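J.: Fold the stuff below for me.
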Amino acid sequence: MKIFLFSFSCCLVFLTWPSLSFPADQDQISPLIEKGNTFIQQGNYEGGIAILETVLRRDPQNEKVLNVLLHAYDDYSQKLISENRFIQAQTYIKKMEAMIQGVDQLSEPRSLGRENNAPSRIKRELASAKAFMLNSPLATAVDIVSLNAGREHYNEAVDHFNKHQYEVAESLLKESIELDPSNPYAYELLGEIANLNHRLDEAEAYYKKAFSLNPDPKLREKYEKVIREKNIDKMQQQYSDEHFIIRYRRSGSLEGSRIREFLREAYRSISQDFGYYPKYKVPVLLYDYEEYRELSSTAPHWSGALFDGKIRLPVYDNGGKTADLNENDLKKLIYHELTHAFVLDLSQLKCPVWLNEGLAQYEENKIQPVHLRLLAQAVRKKDLIGIDELMFLDPSLTKSQEKVVLFYLQSFSFTAYLVEQRRFYSMKQLLLEVGKETRFREAFEKAFGRTIEDLWGDWQVALERQLR
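T.: This next block holds a predicted model:
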């Protein structure tokens, strides 16, 4: 049984989707349901959910749609949480609970008996899930009130976490688990906070507890990663800068280090572009290459550095001395990863991957130009990735190396075009709007005054002209 299905507060949230032409003939509904289900099976959850929600608004008692949509909400919210996209996950969790709350208001379909219709089945699953979570044969009214209060605290904590208000979030999470000790995501988020504050023993304990409640492979990865980090951490010491907390080899020296100066230089440059200064110090951890690969085992093999809430840089040789790195290569990595920290802070962790990587490469390009030869080939062959695919593509899950490279090049080129057209003011407004949970296309139009499809078309024309 998926316990997570019915575990969050019952606040109603609805997204506004683009209008779809809807056939009046019931015989034509089935193809739409199949299309929505196909999108979901292919991983395009937002597109599939949009179609099914439209069908459900016209046919609210359609058992098949209710069933597929509930599972889609559940699967997508768990996927988002596994990617640390907590706010987006809440949206679909709340949609799911809103649907369940509406079950009592649905009239019974004439062709079905009460014990077999979808609303009865959903209510039975809801009662069963809550009883299971409370570890009792039947959940009492008091238990349910306590459970929901715990979820309310958790939801508030997520909001504060995304604003880097870790102390407030931590306090709310501890209250949450007192009321609802069965919520693995509260323990996981406590682990995230402890990890970001480099309290690794606490992080290990919280991740372990979360995994015991929800044996998800992603949680096991976090648990094992923090154990590996603890072993490496024994050999490190800490230096606190104005904008950074830097951990480096005990045998090394950071004073006068070019790494510290590069970090400061990158911070000045990026903050000037965005007109923004994060209200927290960015953790920076320095490793040798072997340590880096051990801690970034889930990152793509071609990654030269990593930002996962902490900037992780391989800068030492195997002997523990600072490696003889090319200055531009090192600065490029720092500019790239530090940009992720700015972008995710501005967008409250909700920036889409393509824009996040596009902006990181835009800053990196100041140090070392991004080569566009493969992009030029794709333009000549008319093999560009379409805007709809680009917006949802996850390069870490893409098997085609050629498509991954093209994803990065197109993300960079289109992002650079947007910045050149409107400077960083509109880009900053876009990120802030996305951080308010505005749908991306709507946020884009608010920030740039035109649709993303319009500017995508202009970019393609400009790109072809440039390459000619």
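
J.: Quick check: phi and psi at residue 352.
T.: Main-chain dihedrals, residue 352, degrees, to the nearest 10: phi -60, psi 150.

J.: gap between the helix or strand encompassing residue 272 and the chain center?
T.: Assigned by DSSP states H and E, residue 272 belongs to helix 258-274. Offset of helix 258-274 from its chain centre (C-alpha atoms, centre = their mean, to the nearest Å): 25 Å.

J.: can I have the next helix-or-strand element following that helix written out in CSV, keeping just the CAs?
T.: The first helix or strand that comes after helix 258-274 along the chain, using DSSP H and E, is strand 282-288. Taking Å, rounded to 0.1, in the frame of the first residue of the first chain, the C-alpha atoms of strand 282-288 are listed here in CSV:
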residue,chain,number,x,y,z
VAL,A,282,26.7,28.9,0.6
PRO,A,283,28.5,25.7,1.8
VAL,A,284,31.6,24.8,-0.4
LEU,A,285,33.4,21.5,0.1
LEU,A,286,36.8,20.7,-1.5
TYR,A,287,37.8,17.2,-2.4
ASP,A,288,40.2,15.1,-4.4
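
J.: Just checking: what are the partner strands of strand 282-288?
T.: Sheet partners assigned to strand 282-288 using DSSP bridges are listed as strand 244-249 (parallel), strand 311-316 (parallel).

J.: relative to helix 258-274, how tilted is the first one?
T.: On the basis of axes from the mean of the first three to the mean of the last three C-alpha atoms, to 10 degrees, strand 244-249 is oriented at 160 degrees to helix 258-274.

J.: Any buried residues in strand 244-249, and which?
T.: Neighbour counts using 16 or more other C-beta atoms under 10 Å place 244-249 of strand 244-249 among the buried residues. Where C-beta positions appear, they are placed from N, C-alpha and C, glycine not excepted.

J.: returning to what we had before: need the mean per-residue confidence for the helix holding residue 272.
T.: Across helix 258-274, the average pLDDT comes to 94.

J.: what's the answer for stretch 97-117, then?
T.: Mean per-residue pLDDT for stretch 97-117: 48.

J.: Out of the buried residues of strand 244-249, which comes closest to residue 218?
T.: Lowest distance from residue 218 to the buried residues of strand 244-249 (C-beta to C-beta) belongs to residue 247, with 24.6 Å.

J.: per-residue confidence at that closest one?
T.: Predicted confidence (pLDDT) for residue 247: 89.

J.: Distance-wise, check it relative to residue 295.
T.: 12 Å (C-beta to C-beta, to the nearest Å).

J.: which residues does the residue nearest the centre of the chain contact?
T.: Central residue of the chain (C-alpha atoms, centre = their mean): residue 85, 3.4 Å from the mean position. Counting by C-beta atoms under 8 Å, 6 or more residues apart in numbering, residue 85 touches 349-350.

J.: Show me the strands in the stretch 351-468 of the chain, by range?
T.: In the stretch 351-468 of the chain, no strands are defined using DSSP state E, counting those that start in this stretch.

J.: quick one: buried residues of the helix holding residue 272?
T.: 259-260, 262-263, 266-267, 270, 273-274.

J.: low pLDDT regions in this protein?
T.: 1-28, 82, 84, 86-87, 101-147, 251-257, 297-303, 318-325 (pLDDT under 70).

J.: Contacts only, for the residue nearest to residue 267 when sequence neighbours are not counted.
T.: Spatial nearest neighbour of residue 267, chain neighbours left out: residue 243 (5.1 Å); criterion: C-beta to C-beta, 6 or more residues apart in numbering. Under the criterion of C-beta under 8 Å, 6+ apart, the contact list for residue 243 reads 263-264, 267, 278, 281-282.

J.: which of those residues sit farthest apart?
T.: 264 and 278 (14.1 Å).

J.: the domain parsing of this structure - what is it?
T.: Following automatic domain parsing, one finds the domains of the chain at 3-139, 144-233, 236-344, 353-467.

J.: Redo the strands paired with strand 282-288 as JSON lines? Include distance to residue 454.
T.: Below are those laid out as JSON lines (distance: least, C-beta to C-beta, whole Å):
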{"stretch": "strand 244-249", "distance to residue 454": "40"}
{"stretch": "strand 311-316", "distance to residue 454": "36"}
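
J.: List just the one of those strands that sits closest to residue 419.
T.: Comparison of the strands paired with strand 282-288 against residue 419 by C-beta to C-beta identifies strand 311-316 as nearest, at 22.6 Å.

J.: Contacts for that closest one, please.
T.: Outside strand 311-316, the residues that touch it by C-beta under 8 Å, 6+ apart are 249, 252, 259, 282-289, 291-293, 295-296, 304-306, 322-323, 325, 330, 333-334, 337-338, 341.

J.: Can you flag the buried ones in the residues you listed?
T.: Looks like the contacts of strand 311-316 have 249, 252, 259, 282-288, 291-292, 295-296, 305-306, 322, 325, 330, 333-334, 337-338, 341 buried, using 16+ other C-beta under 10 Å.

J.: before we move on, back to that, what about the strands paired with strand 282-288, which gets the closest to residue 50?
T.: strand 311-316 (36.2 Å).

J.: distance between that closest one and the chain's centre?
T.: Per C-alpha atoms, centre = their mean, the displacement of strand 311-316 from the mean C-alpha position of its chain is 23 Å.

J.: what's the following helix or strand after it?
T.: Per DSSP H and E, the first helix or strand lying C-terminal to strand 311-316 is helix 327-346.

J.: angle of that following helix against helix 258-274?
T.: Using the same axes, to 10 degrees: helix 327-346 against helix 258-274 is 50 degrees.

J.: Good, wrapping up.
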